[in-house]
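build the 3D model from these lines:
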Amino acid sequence: MGSSFDNYKPFLLMVFLQFGSAGNYILSTISLGSGMNRYVLIVYRNATAALVLAPFAILLERKIRPKLTLPIFLQIMALGFLEPIIDQGFTYLGMKYTSASFTSAIMNAVPSITFVIALICRLERVNIKEVRSQAKVIGTLFTLGGALLMAMYKGPVINTEWLRPTHHQATEAASDGSHWLLGTLLILLGCIAWSAFYVLQSITIKKYPAEMSLSSLICLAGTVQSLVIALFLERNSHGWAVGWDSRLFTPLYTGIVTSGVTYYVQGIVMKKRGPVFVTAFNPLCMIIVTVLGVSLLGETLNLGSILGGILIAIGLYSVVWGKSKDYLGPELPVVTDEKKNYIQDVTTTQIEAANLNNNSSTNNGEM
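Numbers count the residues shown, from 1 in each chain. Predicted structure coming up:
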């Protein structure tokens with residue numbers, strides 16, 4: 001029973017993280033829409049995560065925490081630059097030019113990009129003759145194709161009045177062509193940074209196997225680096241002010257759930273399943289954000305979103321199935337009837353030769 005639960009635990013943890021990430025998209029959209037500087041949000045978010053994780057890391061991992069060497073320190077600084085600075089910074093800016101549901105859809109390119117980066121770094125292998133490899137490749141293409149379909153094809157608007165409260169009117173994000181294209185490019189840059197973060201984190205966690213300490217150090221590195229940028233971009237003290245609204249709740253939520261808990265859980269899952277398994281669950285977040293975006297933010301739902309979601313779901317299960325087979329050992333080769341007959345003939349010949357040698361040895365002994 002316990003062994004069965006351990007097998008399903010990575011799946012349950014990743015589903016939980018997608019619900020947490022969906023809240024990040026919705027709350028961040030509200031805060032950025034109210035005029036909050038994105039780098040100020042990044043500073044507060046990562047500072048909150050570091051403060052929450054640090055006490056647990058100090059108490060629970062004091063005996064297992066390895067020495068912080070210079071190579072590991074540089075990797076942590078790189079992780080703090082890739083995810084908090086590049087990914088969060090560009091994604092938040094791209095979200096302002098598009099919408100929460102659009103951003104979450106484009107971010108589904110992360111599994112495909114991660115798969116490519118992991119292949120380059122030799123963290124993943126592909127043998128196109130194996131069914132598991134075919135499933136991962138096809139699933140990745142389906143995931144990317146579904147995300148692109150949602151981004152490029154809108155189609156007719158689906159009636160979602162039953163999801164939308166009466167005081168919300170359907171809203172469209174900025175539809176200016178240049179802004180929409182710029183927002184898409186910025187989000188894609190965030191995707192590349194996020195994918196590189198996943199791969200580097202999977203490498204670092206093996207050299208520094210203290211997940212909570214590593215997570216708190218990444219958040220601290222992101223806080224320091226983003227603080228330098230934020231102080232340069234936001235010199236008005238009013239831009240740093242928070243109140244009892246989304247400007248306070250969003251940093252707390254994203255810091256504790258999206259950054260702190262996510263980094264820690266991702267580190268645990270990556271040690272067992274690898275970076276591609278983690279990113280394969282991202283399409284689920286897109287579906288949750290789409291529902292919340294319609295019901296809470298008044299965003300519209302188009303036919304393209306539904307069709308893309310179906311493709312992404314197919315790709316999701318295909319990639320996860322392929323990854324699950326990686327942990328069951330190598331695939332056994334397919335043995336045809338001709339190979340079976342050949343093996344039997346060879347085995348029979350070997351047995352006859354062995355018996356002949358034994359008889360010869362016995363005869364020589366008697367002589």
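
burial measure for the residue nearest to residue 39 when sequence neighbours are not counted, as a count.
Counting by CB to CB, 6 or more residues apart in numbering, residue 39 lies nearest to residue 230, which is 3.9 Å off, once chain neighbours are set aside. Where C-beta positions appear, they are placed from N, C-alpha and C, glycine not excepted. Neighbours of residue 230 under the rule other CB atoms under 10 Å: 22.

ok now the helix or strand harbouring residue 230, how far from the chain's centre?
Per DSSP states H and E, residue 230 falls inside helix 211-233. Chain-centre distance of helix 211-233: 20 Å, with CA atoms, centre = their mean, to the nearest Å.

pretty sure residue 57 is touching residue 219, no?
No: look at residue 57 against residue 219 with CB atoms under 8 Å: they stay out of range, at 10.5 Å.

looking at these two, which is more packed in?
Remark: of residue 57 and residue 219, residue 219 carries more neighbours, 28 against 20, as counted by other CB under 10 Å.

who's in contact with the more buried one?
Neighbour list for residue 219: 46, 47, 49, 50, 53, 80, 84, 255, 259, 260, 263 [criterion: CB atoms under 8 Å, 6 or more residues apart in numbering].

rerun that using 10 Å as the cut-off
Applying CB atoms under 10 Å, 6 or more residues apart in numbering to residue 219 gives the contacts 45-54, 79-80, 83-84, 255, 259-260, 263.

identify the residues contacting residue 59.
Taking CB under 10 Å, 6+ apart, we find residue 59 in contact with residue 212.

tell me the confidence at it?
We have a pLDDT of 91 for residue 59.

same thing with the one 4 residues further on?
At residue 63, the pLDDT value in this model is 87.

which residues does it contact?
Contact analysis of residue 63 by CB under 10 Å, 6+ apart lists residue 210.

isn't there a helix covering it?
No: secondary structure of residue 63 (DSSP: H, G, I helix; E, B strand; the rest coil): coil, not part of a helix.

below-threshold pLDDT in this protein: ranges please.
Residue ranges of the chain with pLDDT under 70: 1-5, 150-151, 159-178, 180, 275-276, 324, 326-367.

give me the most central residue, it.
The centre of the chain sits closest to residue 279, judged by CA atoms, centre = their mean, with a distance of 2.8 Å.

dump the residue contacts of it.
Neighbouring residues of residue 279 by CB under 10 Å, 6+ apart: 14, 107-115, 118, 140, 143, 191, 194-195, 198-199, 266, 319.

let's see that with 8 Å instead.
110, 111, 114, 195, 198.

ok, now which ones touch the residue nearest to residue 39?
Neighbour list for residue 230: 37, 39, 40, 42, 43 [criterion: CB under 8 Å, 6+ apart].

what's the burial count for residue 248?
A total of 14 residues lie near residue 248 under the criterion other CB under 10 Å.

ok, for it, nearest residue in space, not its chain neighbours?
Leaving aside its chain neighbours, residue 248 sits nearest to residue 242 (4.4 Å; criterion: CB to CB, 6+ apart).

quickly note the distance from the one you found to residue 140.
40 Å (CB to CB, to the nearest Å).

more crowded one of the two?
A count of neighbours by other CB under 10 Å puts residue 140 above the other of residue 242 and residue 140, at 24 against 16.

where does that one sit: helix, strand or coil?
What three-state DSSP gives for residue 140 is helix.

that one against residue 319, yeah?
Yes: distance between residue 140 and residue 319: 6.0 Å, which falls inside the contact criterion (CB under 8 Å).

need the residues touching each of the two.
Listed as contacting both residue 140 and residue 319 by CB under 8 Å, 6+ apart are residue 111.

which stretches of the stretch 1-150 of the chain form helices?
Along the stretch 1-150 of the chain, counting by DSSP state H, counting those that start in this stretch, helices occupy 2-33, 38-60, 70-80, 88-97, 100-106, 110-120, 131-152.

over to the stretch 251-367 of the chain?
In the stretch 251-367 of the chain, the helices defined using DSSP H, counting those that start in this stretch lie at 262-273, 275-279, 282-296, 303-325, 337-366.

mind checking how far residue 302 is from residue 22?
From residue 302 across to residue 22, the span is 19 Å (CB to CB).

those two: which has the busier surroundings?
Applying other CB under 10 Å to residue 302 and residue 22 shows that residue 22 carries more neighbours, namely 23 against 18.
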